[in-house]
Structure formats: C-alpha cells, structure tokens
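Novice: dropping a prediction and its sequence here:
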Amino acid sequence: MSLFHPRSPLRSQRLEESNKNVDLGDPEVEEEDDSDDDGDVFNIPHKKPSLEALKRWRKATLVLNASRRFRYTLDLKRQEQLPSVNRFRIGTHALRAVQKFKDAATKVDHPPPKGYGVGPEKLVQLVQDRDNDGLQALGGITGLGTALHVNLEKGIEPDEESVQHRREAFGANSYPTKAGKSFWVFVWEAAQDTTLIILMACAVASLAAEMSSDVKEGWYDGASIGFAVLVVIFVTAFSDYRQSLQFRSLSQEKRNIQIQVVRGGRRFTTSIFDLVVGDIVPLNIGDQVPADGVLVSGHSLSIDESSMTGESEPVHVDGKSPFLHSGCKVVDGYGSMLITGVGINTEWGQVMATLDDDSSEETPLQVRLNGIATFVGKIGLSVAVLVFVMLYFVTDFRRAAGPDRRSKVVFRNIVDILSIAVTIVVVAVPEGLPLAVTLTLAYSMKKMMADKSLVRHLAACETMGSATTICSDKTGTLTLNQMTVVQTWIGGGSLEAEAANSVGGEISKCIIEGIAENSSGSVFVPKDGGDPEVTGSPTEKAILGWGLKAGMNFEEVRSSNTVMHVETFNSTKKRAGVAFKRKDGNAYVHWKGAAEIILDLCTKWMGSDGSENQLSETKKVEIQNAIGDMASRSLRCVALAYRPISANQIPDESEWESWKIPEDDLVLLGIMGIKDPCRPGVDGAVRLCQKAGVKVRMVTGDNPLTARAIAQECGILSPGGLVVEGKDFRSYTDEERLELVPKLEVMARSSPMDKLLLVKTLRSMNDVVAVTGDGTNDAPALHEADIGLSMGIQGTEVAKESSDIIILDDNFASVVKVVRWGRSVYANIQKFIQFQLTVNVVALVLNVVAAAKSSQVPLTAVQLLWVNLIMDTLGALALATEPPTDDLMDRPPVGRREPLVTNIMWRNIFVQAIYQLSVLFTLFFGGLKILKLHGPDGNRKLNTIIFNSFVLCQLFNEVNSRKPDKLNVFSGFFRNPLFCGVVSVTAVLQVIIVFFLGKFFKTTRLGWNHWVLSIVVGFLSLVVGFFGKLIPVPKKPIITTHKVKKKRARSSKGSKKPHDQEDGHELVERNASNEV
C-alpha cells in the first residue's frame, strides 16, 4: 500500500484556508443550505455536506438492515472523532518516544545490512530526529551516499537484482494494512435483515407445527422458507462481496502514484511501490515527498509539512537542514533527494499503519434513493399490516373448528400469514435500491479506468452527468503536449528550427548557457551512443531539444558553472530565472518565459554577431509582430533574455538563497515558437459536448492570439464568442462579469485565481461546472468546481488530491467520456427504479386486493422471496450495469434538482401495472372457469399459472426498462452479456422451480398450453410497453410536493439578482418534484 492514504486524518488544510481567504470581488454566492428548508432531508450537497445533514437523512430512513444499507456511507462516528492536528502530532511523537525507550532499555545495536555502511535503524533516527550532527558524522550527504553505495548524480544501478537486494535490506515502500472483509462477514451482515430473521423464525415455527402432524411431508413449508431465506442471504452477500473487491481494487489504484526516479543516470517514471533506499528522486512544485530522505541538491525548495507537524508555514529545505519527510508536499523550488527510509521505516508509514482504510462515502443519488426506499417501504409496511389483519380475522377463525384443534390450526395459520406479511415487507421495502447506486458506480468506475479516468470521489460520477460547462486547459488536454520548437527569432531575424546549428558565436553561447542552466529538465546520453533522452516538462523538453540541435553539451555546461540562485516558474509570474557564475568569475542572470512579458523587461537585444543593441520602439514593434505572427500560427512563444551582473551586485554566499535576482534591463536573446498540435478528434469531442448541451470554455496561460487560433482549430470559439484576458476579466465589476460570462469562450493569459473567479461566477449562475487543471495553483479552482478533473500525466500530486476525477491520459476526449458515464449512472438508476417500482405496485395491489376479496393471497412467502431476488439483486445486476449509449449525448444535462422518477417513468410504471394487474386479477378471480381447471389440484395449478405469469411479466418488463423512452428496447441488447446472462439464468431457474421444486414453492407442473399462456402474458408486456410509450406526457412533473429553493447570485456591489438557471442555460424559477 502506498504511503499516501486517501483518508488520512490530516488533509492539507492550507488549500481550503487559502481558498476561503481569497477575496476576488466575485459575485457572492449563497451557499447551499443544509438546513433543509424545503423539508426534504434526502437532498444533500454533492460536496462537503455537513454532519448534521448526514445525520438527518439517516434518522428519517426506514431501514431493515442497517449494517448493509449504510455499508457504503460515511462512518459518522469516525468523522466526529478524527484526530486533530495536535493529537496526530502527539501520536507520532509518542510512537517514536516508545521506540526510543525500548531501544535504550534493551541497548540494541543493530549492525548494518551486509554490504552497506549504515543500517535502517540509523537512517530512521537521522531523518525523524533531524540529526544534523549524526549526518555529519557519516560524512554529510556525500558520506551517506558512499555508505549506501549511491552515485548522488546517477543514482543506484538499475538492474533488478540490485534493487531487490536493497528492498530486502531496507524494506519495501509499503506498510501493513488490515485485511478486507471476508465473504463470510458479508453473509453475516446480509443475515442481519430484520425481516429475514423473522422469516427464519417463521420457518422454524412452521417446521415444528407441520411436522407434529405430518412427519413425512410436513417439513416442506418450513424448509422451503428457510432455504429461500438462505439463498437470498448468500446471493446478496456474493453481490456485496464482489462490489467490495472492486472498490478495494480501485482504492489501491488511487494510491499507485507515479514517481520520477534516477537510476544509472537515466530519469524515468515508476510506481511509488518500487522505490527503495538509495534512490535519487527529483522533486518539483506540487510533488509529494514519496519517502523519508535528505536533500542532495536543490534551489528555493520549500516544503509543506502540515500533514506531519500541523504547521501551515512552509519549511525551507537546504544543505543546512536537508531532511525530508514522506507525505509532505513541495510548494516552491525544485531539487533531488536521496531516499533513506521507506514504508514502515518512515514516520508517515508508522502512523498510517495504525489507521483503518475507510474509503466509504455517500453520494447525493444514494441519499435520494434512500428517500424513495423509505417512502415505498412505509407504504409496503402498511399494506403488510393490512394483509395480516385481514387474513387473521377472516381466514383463521373461519378455518378453526372444534376446540381440540383450534389452537394448533390457529397457530399454524398465524405462522403462515405472518410469513406472507413479512415477505410482503421484504418485497415492498426496496433495501437494494440505494445499494444499486454503489453497484452501478463500482461497475462504472471499473469501466472508466479502461477509458483512462480514475474516480477519486464517487459523487463526481453522478455530478458529471449534470455538467453544463467544462472549463478546460489547453496544453495537454486539447493539445497533444508533444511540443517542438518549429520557428525562432534570433539575432534580428526568423529561423526555422532545422537551422538551429547555424546560430554561432557569442549569441549561441549565451542561448545554450541559458537553456542548460535555466531548466528543470535533464538530458541523458546513453553509454552506447544512442540518441539523448530528454526529460522534464513538455516545454522544457522542446527547448532542450532545440539546444541539442544547436550543439549544446548539457552536462558540460552545467558542470562548468556555479548556480547561485534559481527563481522557479509558476503560472502567476509566467517566467523562470537563474543566476550563475562562470569559472572565469563572470556572473549572469538568465530569464525565460512568456514572450511579451520578457520583452517588456528588456532594454536591449543581441544581434547575430553578438553585439548588444538598444531596443528601440521600432524594433520592439517588429519583435511584437514576429510574436504575433507565431501566435497566429498556434505557436506558444517563449522568450530568452539575460544580463551580466557586476561583482558588487552579488551578495555573500550565505544570502544566495534569499537573493532576489535582477529582472530588469535585460538583453533579449531570442524567441522560441513552440508547436503543440491539437489532439486528433478533439474538435469532434467538443462538438459532441455542445450537442449534449455542455458549453466548453478554454482557459489558458497563452497569449490571446495563440489561444484564439487553438480555440478555432478545436471548434471551441464560435462566431459570437469572446476571447478575454485574465487581467481584464478580474478588473470587471460583478455585473459586467455576469453579463459577459455567457459569451466568454476563451480566457487567455489567465492566472489560477482568474480560473477560480470564473468558476465561482459560473456557479453563481447555477451552472454545474467541471474544471480541468494540472498545476499546484489550479488546486483552488479544482476544489471549488462541482467536478475537479486533474491530469494524470502532467498533473501534480497537489492538483490530483484536490480533484474528484483524474484523467489518466490528459485527453479532452476522456473528459467527454466521463460526461457520458455520468449520464449513464443516472440513467441506469432510473431504469432500475422503474423496474422495481412496477414490481412493488403490482405485488402490493395484487396481494391486498386478493386478501380483501377472497381471504387468501395468490403468491406464497417463498414465491415472494423469489420475486424479491429477481427484483432486488438480480435486477440491479442486470439494469445497473448497462453500458452507456450514444443517445445519452443527444439530451440536455440532467438538472441537479430533476426528479428521479420522471413523468415518462410514471407513465411506464402505471401502464405496466394496469396491464399486469388486469391479467392477474382475471386469472385469480376467473381463471378456474376460463381455463377449465377442475379437480383437487385446480387451485394449485391456477396459482402456479399466476405465479409463472407474474414472474415472466417481470422478466419481459426488465427488457422494457432498458429503454424507458425508446420504442426499440432491443437496441444493443446483445452488447450487454451480463444483462442477457441474468435474464437467461432467471428464466431457467423459473422453469426449474415450476418443474422440479413444486413441493417447496407450492407449485405444480404445467402443461405446454399453460406455459404458452404464461409466456404470451409475459410477452404482451413488451407490446403494451411499446404502445404505452406512444402516450404523451406533460413536461411539468406529475407529482410536485414542494418548491425547491435554488441558489441565488448576488452582487457584492448591489447588482440585481439574476433569476435561477435551469441546467445552466435558461434562467427560470421552477417547481421541482420530490422523488416520489
């Protein structure tokens, strides 16, 4: 298991605090109220619902089996008792103190592993105690590397034997975890259902009563009920166990963080599980420290240690204090570390090994389904009581004749009717309805992995189906992120990339020095003389690649200069700088960044002969035109500039880290035009979103010309769409922003705070906003959005932690697939609801009317349990796992307050219920005469026909439910083998029940004519369903129980409130339907 636990007791609080404290002058959004003013406790916010709201819906829920119903929900007791920062710190230090005490008491002197000069116990003590003296005693970082047989520049040897030897000597980068629940635990939980317990008691009582009078055949009734209950328990347990395994597998995938490591001089990506002591790991902004270790080299490295110490202020790490702790995050700078402790030998690992792996969470749809289950359950409970009363007072006293047999008969009949009444409750209370959400989510999450999307929070799957706008990054999401320099402006003129080696003289030397030193990337030259391998960000790789064409020797340049200070790149200042000193004593500052920003800092430019010329206004306009020409061709423009530094400008070495290097009076060296092609098919994906009612907006740091060109190529920018710069957007008033946003399609030169402001503005207009992001500074926007989508390849760990879904291939087409899956989750649940409510209505009405009219019920307890199994577990398995279809993207987004049971579903339910009840009542009250059933087994044969017809109606109606709003219900039927399998198995089992299990199910064998009748009755469900769908339904919800209070946007400067927005487009106020 990775050392980064998704449910760790301390999440980074700085993000939320900074998000709350940022005053952007944005429209003040009235937060979603958890107070349930509309009286519906089953509507909770999809992000960060309060504990009180979670408690309220639990109290209002009718539950027969709490251990099962609430299995996939938050453990509220645990949430209330999450350790505070201080308790966490006390716990970790207590663990260390106890270990020290034990070592001191026993005076254990652990020898180092064979072949190494230092052992794991000493390494743990060095880092956890920040023991600088102990580190120096080993010879400092260099001596520690020697003791661990590590080349601090090239890392350990990459062969598997060497890596495995280190893993055996120092441990693996994992920690022990508690085993998951076994299958038998799920069996025990399934058996906790109150109704099943009562039925088992009834089975025992029936067994005792019947066998007292008929030993040979008296055990059938009781045994059949008991066996049916056991089947329900084991099938339920198997389904739940299967879901549990899927969730554990996905949870494990979340922890499988990819880390860059240097072995044998080559930098590559590997799993966090594969790291060993001695590995050299590069660190950049947004990375998580994957294990304990010490800093080998770095510049301006700041670490957020709040997850370990609780201190929100970043800690500066340098040669004087080089210790790094697992689980912390890089907030600034870059460097490389030597791993000294992994797994349980880290402070983080020791603590995480003591915590439970609880990844449960509840989703709004799950809670709403609990509301439906409660409503239907109360009706079913009332019907069950009514049936019991009617059967007891009519049937029992009528049959009881003779004082010597009265008590035995009454007792036996009470057991029978109690079994029937309780079974009606089992059928009527849809315990499996909320759990169908977890089933479809587990299925969807597994399939989404194949579509390159890793879901971190379940609620995001549902919410994505309601998305009305996607704010997408450009680089890597809309484009391939395969950057190459295709054109340059150097020495006063334009050059194609192929002519890189034609640049010579002093200007070439300056440019190559700037490229090599002012870079966080690296170049690995294979020993066999193969092509150099360039690593780093795509932009860094493009510029380094051009440098290699120009004759750059990366290692030689880096080793011949002494770096004094580094200003790392971030998306706010949009530039990076380095100050270094040559061997001849001369010092220089080099800057690179957004072309127009660097150009504004320059006062000179370097000619092709190496001369420095004044940057006149005419020349500046010429260069700006060159930048504009590149940008209009969709090229990202990066400028390189430098300036010499005199000796009196250089501070003492002790002040290098805090030195603010000069950034004015620069000499422009050149401009790189970098091409990043659009992803194939991205224009089609954008059109698909637009067709589905989802507005796509591009948010990028590139200049407006580049942004416009890319947006037009991707099909994002429409004729009336606006391109706005971030600085302009943030300068608008609230009223201007609210008026502008509907037309805004591209935001250029945006900062992370501009993106956050855009998200807040859109949400204030009731748009459901999905946002993509990859940088550390994108975290506030990802956190604020309804759905945060981070990038799996280029995304930092900070961005991933703040997101809801990780797009593993950084592809916009995968984002569209997530929208499709989100709609599929909602659609599948609606299919299952329609199917289950139809069975509920028919079963309840059939039993209550039959009991009132004839003092008997057509379906026995065991038959009802079989129906419950079809309706609950098997029905959910078939309908909740339907794959998404193309027509899902032909409809508008699902409103957040849309009723789960739509008018179309009500129509289908009532049409099917009327048809089925009509047929079944006809058979029940007139079947003996119509079918000419005579003889002693006439009633039993009739009841078998009714039971068979009822089950087959449900089977055919299950097919109907696949397409609630489509006439062709067989479309894609054979593309879902699971559905075909469930229906086929159910049909086969029904045949077996009727032919071979008559004594248990109280049925008798049917002739071919009666089988044909049953099949025709069932098949006509398809015909009735087809013609029923031709009946028009009103757009307004049929059942409206309350008016939903929507969020309002209000301007902090007194602007008028905009009306509520339906699905983020039309601003109207509407009445929303309660679920049932």
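Specialist: Sure thing, it's come through.

Novice: need the helices for the stretch 251-400 of the chain, in chain order.
Specialist: Taking DSSP state H, counting those that start in this stretch, the helices of the stretch 251-400 of the chain run over residues 306-309, 347-352, 364-391, 397-399.

Novice: to clarify, my last question referred to the stretch 901-1050 of the chain.
Specialist: According to DSSP H, counting those that start in this stretch, the helices that the stretch 901-1050 of the chain contains are 903-930, 938-960, 977-996, 998-1001, 1008-1028.

Novice: that older thread, wait, which of the helices of the stretch 251-400 of the chain is closest to Val841?
Specialist: Between Val841 and the helices of the stretch 251-400 of the chain, the tightest spacing by CB to CB is seen for helix 364-391, at 9.3 Å. (C-beta placed from N, C-alpha, C; glycine too.)

Novice: which residues touch the closest residue to Thr1003 other than its chain neighbours?
Specialist: In this structure, Thr1003 finds its nearest non-sequential neighbour in Thr944, 4.2 Å apart by CB to CB, 6 or more residues apart in numbering. Neighbouring residues of Thr944 by CB atoms under 8 Å, 6 or more residues apart in numbering: 994, 998, 1003-1004, 1006, 1010.

Novice: which two of those residues have the greatest separation?
Specialist: Gly998 and His1010 (13.6 Å).

Novice: more neighbours: these two, which one.
Specialist: The residue with more neighbours, out of Gly998 and His1010, is His1010; 20 against 16, by other CB atoms under 10 Å.

Novice: please state the offset of stretch 937-946 from the chain centre?
Specialist: Distance, stretch centre to chain centre, for stretch 937-946: 52 Å (CA atoms, centre = their mean, to the nearest Å).

Novice: same check, this time on stretch 269-279
Specialist: Chain-centre distance of stretch 269-279: 25 Å, with CA atoms, centre = their mean.

Novice: go on, stretch 247-261?
Specialist: Using CA atoms, centre = their mean, the offset of stretch 247-261 from its chain centre is 13 Å.

Novice: cool, and stretch 704-716?
Specialist: Worked out by CA atoms, centre = their mean, stretch 704-716 lies 29 Å from the chain centre.

Novice: now do stretch 433-444
Specialist: How far stretch 433-444 lies from its chain's middle: 14 Å, per CA atoms, centre = their mean.

Novice: kindly report the same for stretch 570-582.
Specialist: For stretch 570-582, the distance to the chain centre is 35 Å (CA atoms, centre = their mean).

Novice: strands of the stretch 651-800 of the chain, residue ranges please.
Specialist: Along the stretch 651-800 of the chain, counting by DSSP state E, counting those that start in this stretch, strands occupy 666-675, 695-699, 722-725, 744-748, 769-773, 787-791.

Novice: of these, which approaches Ser251 most closely?
Specialist: Evaluated with CB to CB, those place strand 787-791 nearest to Ser251, the distance being 17.4 Å.

Novice: may I have that closest one as PDB, with CA atoms only?
Specialist: Taking C-alpha atoms only, strand 787-791 is exported to PDB below (Å, rounded to 0.1, in the frame of the first residue of the first chain):
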ATOM      1  CA  ILE A 787     -16.300  18.400 -10.600                       C
ATOM      2  CA  GLY A 788     -12.500  18.900 -10.500                       C
ATOM      3  CA  LEU A 789     -10.600  17.000 -13.200                       C
ATOM      4  CA  SER A 790      -6.900  16.700 -12.800                       C
ATOM      5  CA  MET A 791      -4.400  15.400 -15.300                       C
END
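
Novice: what comes into contact with it?
Specialist: 460, 463-464, 467, 473, 476-477, 768-774, 778, 781-782, 799-800, 802-807, 810, 815, 818.

Novice: pull up the pairing partners for it, direction included.
Specialist: The strands beside strand 787-791 in its sheet (DSSP bridges) come out as strand 769-773 (parallel), strand 805-807 (parallel).

Novice: out of those, deepest packed?
Specialist: strand 769-773 (a mean of 29; mean count of other CB atoms under 10 Å).

Novice: got the contact list for that strand?
Specialist: With CB under 8 Å, 6+ apart as the test, strand 769-773 has contacts from 464, 467-473, 477, 755, 759, 762-763, 778-779, 781-782, 784-791, 795, 799, 802-803, 807, 812, 815, 819.

Novice: repeat the analysis, applying 6 Å as the threshold.
Specialist: Where contact means CB atoms under 6 Å, 6 or more residues apart in numbering, the residues beyond strand 769-773 that reach it are 467, 469-473, 477, 759, 762-763, 781-782, 785-790, 799.

Novice: over to stretch 980-992?
Specialist: 870, 874, 877-878, 951.

Novice: the same query, at a cut-off of 10 Å, please.
Specialist: 866, 869-870, 873-879, 881, 947-948, 951-952, 954-956, 958-959, 973-974, 976-977, 997, 1006, 1011, 1014-1015, 1018 (CB atoms under 10 Å, 6 or more residues apart in numbering).

Novice: now, of those, which are buried?
Specialist: 866, 869-870, 873-879, 881, 947-948, 951-952, 954-956, 958-959, 976, 997, 1006, 1011, 1014-1015, 1018 (16 or more other CB atoms under 10 Å).

Novice: of the helices of the stretch 901-1050 of the chain, which is nearest Ile645?
Specialist: When the helices of the stretch 901-1050 of the chain are compared by CB to CB, helix 977-996 sits nearest Ile645, at 69.1 Å.

Novice: output the closest one as CSV, nothing but the C-alphas.
Specialist: Only the C-alpha atoms of helix 977-996 are listed here, as CSV (Å, rounded to 0.1, in the frame of the first residue of the first chain):
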residue,chain,number,x,y,z
PRO,A,977,-23.8,-10.1,-22.0
LEU,A,978,-24.4,-9.6,-18.3
PHE,A,979,-28.0,-8.5,-18.9
CYS,A,980,-28.5,-11.4,-21.2
GLY,A,981,-27.0,-13.8,-18.7
VAL,A,982,-29.1,-12.5,-15.8
VAL,A,983,-32.4,-12.8,-17.8
SER,A,984,-31.5,-16.2,-19.1
VAL,A,985,-30.5,-17.6,-15.7
THR,A,986,-33.7,-16.2,-14.2
ALA,A,987,-35.8,-17.8,-16.9
VAL,A,988,-34.0,-21.2,-16.4
LEU,A,989,-34.4,-21.1,-12.7
GLN,A,990,-38.1,-20.3,-13.1
VAL,A,991,-38.5,-23.4,-15.3
ILE,A,992,-36.7,-25.5,-12.7
ILE,A,993,-38.9,-24.1,-9.9
VAL,A,994,-42.1,-25.0,-11.7
PHE,A,995,-41.0,-28.4,-12.9
PHE,A,996,-38.9,-29.7,-10.0
